[in-house]
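# structure for this input, please:
(chains A and B)
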There are 2 protein chains.
Amino acid sequence: MKLPTQKGVIAAADSIAAILPPTPLLPVEIGGVKAYVKAENLQPIGAFKIRGGWWRLSNLSTDERGAGVVAVSSGNHAQGVAWAARRLGIKATIVMPRDAPEVKLANTKALGAELVLYDRAPKEQGGEDRDAVAAKLIEEQGGTLVHAFGDPWVIEGQGSAGIEAKAQLGTAPSRFVACCGGGGLAAGLALSCPDAAVHVVEPEGWDMVGQALRAGKIVEAGADAPKTICDALQPTATKAINLELLKGRAEVGVAVTDEEVRAAQRWAFANLRMVVEPGGAAALAAALAGKVPVDEGTVIMITGGNADPVAFAGTIGG
Amino acid sequence: MKLPTQKGVIAAADSIAAILPPTPLLPVEIGGVKAYVKAENLQPIGAFKIRGGWWRLSNLSTDERGAGVVAVSSGNHAQGVAWAARRLGIKATIVMPRDAPEVKLANTKALGAELVLYDRAPKEQGGEDRDAVAAKLIEEQGGTLVHAFGDPWVIEGQGSAGIEAKAQLGTAPSRFVACCGGGGLAAGLALSCPDAAVHVVEPEGWDMVGQALRAGKIVEAGADAPKTICDALQPTATKAINLELLKGRAEVGVAVTDEEVRAAQRWAFANLRMVVEPGGAAALAAALAGKVPVDEGTVIMITGGNADPVAFAGTIGG
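Numbering: from 1, shown residues only, chains lettered A, B, ... in the order given. The predicted structure is shown next:
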C-alpha cells in the first residue's frame, strides 16, 4: 500500500491550489491569546473533504476512472468525492447513512453522485456495516473504494490544508487543533508540518482516535456509544494507517461535549459570522473550553459548515 | 471640502491592505451564471465599514486625533469607527439608535467607544434628529464628525473593496451590485473601477438613493416610510456628495422586499455557510430575484454579518 508522505502532501497542495482558492486563515482571540482559524467550511462543498476527494480521484489511472468510484460517508466526504468525480467525469456511488443530515444527502445528489443508503444502528439493532455495503457494491459493479480517512491519497489531500496555512502564516504553525473522525485530517496535518503539535478533538464517547492512541491499538466504538450532535465525527474505529501516522506525532486527543460544541457554533456565529456544523466546531470548542493549549502560532481547523437549518436555528436562537 | 478621487481610493486600498487581509471573493452560480460575492461580512467587525472608518481616522491630523471623533451610526459604521479609533488611540463617541440590534450596541461598546443613544422615530412621534444629536455633542466636547456615508475619506475607504476585488479577479469587474444605505459604498465602488456598472440595491420604501437618482435631487424619507428588516439601510436621505458621485455613474437603483432579503440570507446560509445580516444581503437578494443583471464579471457585495441571533434563527429555521 502506498504510504502517505510530506512530499505527497506538498504535491496535493499544489494540485489543489490550481483549482481552489485558499480558504481564509482568520485571526481570532481566545482567552486573551491571538490565534487563527482555518475556515474550511468556506470550501465550495462546505468542508475540507474536497481536498482528499480531489487528490485521490485525480491520481486514478485512466482505467480506474472508467470503472468509477465508491465511497462511504456521513456526508462531507460524500460531497468531496462527488465534486471531484463530476469535475473529472468519473461515476461516483456513495454509501451514506439513512439518517445523514438532509442537507448533506441533497447536496451529494445535486453534485451528480448516486446514493446508496444504509442503516447505521448497531448490528444487534438491525444496522448494516457500511464497509460491507461498499464492498458488496464494488464486487457487483466494480470501481475503486475511496475510503474517507484510511486512504493514503485522501490523507495527503487533507494535509494540504496544513501547507496552505503555513504559506498564509509565513511560517509553520506551532500547533494544529483538528476536529477528528477517523483521523484523516489529523494524519495529513502531522505530515504537512513535522514540527507542529497536532491535537485531535473528538465528540465525547466517539473518541476512537484518542482511545487508540492511549491503547496503542485500534479500538472499536461500543454499541452503547452515546448520541452526539457531531454527525460527521462518528467513525466506528480509526484505521491502521491513521494510527501509524499519528502515533508519537499527535497529542493524545481530547473529547468535547455537545454543549461545548454548541457554544463554539454560537461563538463562530457572533465573532466570525460563519455557519459551522457541529462536527466542524469540535476543535474550536476544545480551544474555547480550555481543553487544548492555544498560542500565537495555533491554527484551529473549522472543518465543515453543512449545518441543518432547523438544528442550527435551535442552537443560536434558543 | 475634499473631493474623493480614484487616486484616493487606491491609496486607501494600500493603507487597508497593510493592516487587514483581503476578504474572500467567492465564486457563486446564480440562475446558471457564474459570478462572485465579496464577503465583507468576514471583516473583523463583520462589515465593510471598517474600511471607511480606518481611512478617515488615519487621515486625521495629530490635533484632530487628540480631540477625538464623533460618529452617527445604526451599528456597523459605529464598529468601524470604534475599531479604527482603538487601534489609533483616539477617543470615539458614537450616536446610535436606541433600537439598534443588541449585537451592534454590544460590539461597539466592547471596542471601547462611548455610546450616546437616540430615538429614531420620526420627529412628529417624539424622535430625535441624529445629526442634531451629534452636532450638539461636538459643540459641547469638540471632535471631528465622521459621517457614515457623506464623508470623502469614508467614501474612498469603502471604495477600497473595489480595488481589492479587481486584484482578486485579475481584471476590473464588469459590474458591482451593492447594498445601499446612504451611498458611501456605491460611490466608492464607482470611483474604484470607472468602467464598471454600479447597481445600488435598497430596501423597499427606503430607496433614498434610487429616488434621488431618479429625481436628480436629494429626497427625504417620509414619516410614513415602511418598516424594514434592513436596519443598516435606513438613512433619512443621501448626501450631496454621494448623489454627485453617483449621478451618471450608478444604474438607477432597485428595491428589495423583506422576503427577498430573507431568501438571500437562507441562500447564503446553505450555499456559502456564511451569516449575513438583512442589510448585508440586499444586493444578493436583488441578484437572486433577477432584479439586476448578472454576468461573469459581476461582484455582488455582501456587506455585513452582524445578525441578531433570534431573528436569524427565525429566518433560517422558521
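# so which bits of the stretch 51-200 of chain A are right by chain B?
A:V103 (Cβ under 8 Å from any Cβ of the partner chain). C-betas here are computed from N, CA, C, even on glycine.
# would A:L115 count as being in a strand?
Yes - applying DSSP: H, G, I helix; E, B strand; the rest coil, one finds A:L115 inside a strand.
# quick one: residues contacting it.
A:93-94, A:96, A:105, A:108-109 (Cβ atoms under 8 Å, 6 or more residues apart in numbering or on different chains).
# give me the phi and psi angles of A:I300.
Backbone torsions for A:I300, taken as degrees, to the nearest 10, come to phi -100, psi 120.
# can you name the residue of the stretch 51-200 of chain A nearest chain B?
Closest to chain B within the stretch 51-200 of chain A is A:V103: 6.9 Å, counting by Cβ to the nearest Cβ.
# of all the contacts of A:L115, which two lie farthest apart?
Among the contacts of A:L115, the pair separated by the greatest distance (Cβ to Cβ) is A:T93 and A:L105, at 14.0 Å.
# residues in contact with the lowest-mean-pLDDT helix or strand in chain A?
Within chain A, confidence by mean pLDDT, DSSP states H and E is lowest for strand A:250-256 among all helices and strands, at a mean of 90. For strand A:250-256, contacts defined as Cβ under 8 Å, 6+ apart pick out A:180, A:186, A:190, A:197-207, A:209-210, A:213-214, A:282, A:285-286, A:289, A:291-292.
# wait, which of the contacts of A:L115 is closest to A:N41?
A:T108 (16.7 Å).
# I'd like the distance between the closest residue to that closest one other than its chain neighbours and A:A92.
Spatially, and ignoring its direct neighbours in sequence, A:T108 is nearest to A:A78 (4.3 Å; Cβ to Cβ, 6 or more residues apart in numbering or on different chains). Distance, A:A78 to A:A92, using Cβ to Cβ, to the nearest Å: 9 Å.
# what do the two both touch?
A:71, A:113.
# more neighbours, the two?
Set A:A78 next to A:A92 and count neighbours by other Cβ atoms under 10 Å in any protein chain shown: A:A78 wins out with 30 against 26.
# now name the helix or strand holding the more buried one.
Element membership for A:A78 (DSSP states H and E) is helix A:76-88.
# equivalent analysis for A:M96, please.
strand A:92-97.
# give me the buried positions along the helix or strand hosting A:R56.
Using DSSP H and E, A:R56 sits in helix A:49-58. Buried residues in helix A:49-58, counting neighbours by 16 or more other Cβ atoms under 10 Å in any protein chain shown, are found at A:49-58.
# contact partners of it?
A:12, A:15-16, A:19-20, A:43-44, A:65, A:69, A:71, A:73, A:76-77, A:79-85, A:87-88, A:90, A:146, A:148, A:151, A:153-158, A:160-161, A:184, A:188, A:304.
# what is the longest helix along chain A packed up against?
Secondary structure of chain A read by DSSP state H shows that its longest helix is helix A:152-169. Where contact means 3 or more Cβ pairs under 8 Å, 6 or more residues apart in numbering or on different chains; DSSP states H and E, helix A:152-169 is packed against helix A:6-17, strand A:25-30, strand A:33-39, helix A:49-58, helix A:184-192, helix A:240-246, strand A:298-302.
# specify the angle between that helix and helix A:76-88 in degrees.
Going by axes from the mean of the first three to the mean of the last three Cα atoms, to 10 degrees, helix A:152-169 is angled at 90 degrees with respect to helix A:76-88.
# what's the nearest residue to A:Q234 if we skip its chain neighbours?
A:W206 (5.3 Å).
# just to revisit the earlier point, tell me, how many residues neighbour the residue of the stretch 51-200 of chain A closest to chain B?
By other Cβ under 10 Å, the burial measure for A:V103, its neighbour count, is 20.
# check A:F149 too.
Count around A:F149 with other Cβ under 10 Å applied: 25.
# ok, A:N306 next?
27.
# repeat for A:K247
12.
# in this structure it contacts A:R214, no?
No - contact between A:K247 and A:R214 fails when scored by Cβ atoms under 8 Å: they sit 10.9 Å apart.
# ok, back up a step: can you pull the pLDDT of the residue of the stretch 51-200 of chain A closest to chain B?
Here the pLDDT value assigned to A:V103 is 90.
# in a helix, it, correct?
Yes - if the criterion is three-state DSSP, then A:V103 is within a helix.
# quick one, what contacts it?
A:75, A:306-309, B:270.
# need the max-distance pair from the residues you listed.
So, these by Cβ to Cβ: farthest apart are A:G75 and A:P309, at 14.7 Å.
# more neighbours: which of these two?
A:G75 (29 against 19).
# could you check how far the spatially closest residue to the more buried one that is not a sequence neighbour is from B:L137?
Using Cβ to Cβ, 6+ apart and skipping the chain neighbours, the partner closest in space to A:G75 is A:K104 (2.8 Å). To B:L137, A:K104 is 52 Å away according to Cβ to Cβ.
# more neighbours: those two, which one.
A:K104 (28 against 18).
# what's the more buried one in contact with, if anything?
A:74-76, A:78-79, A:96, A:306.
# can you tell me which two in these are farthest apart?
A:M96 and A:N306 (12.7 Å).
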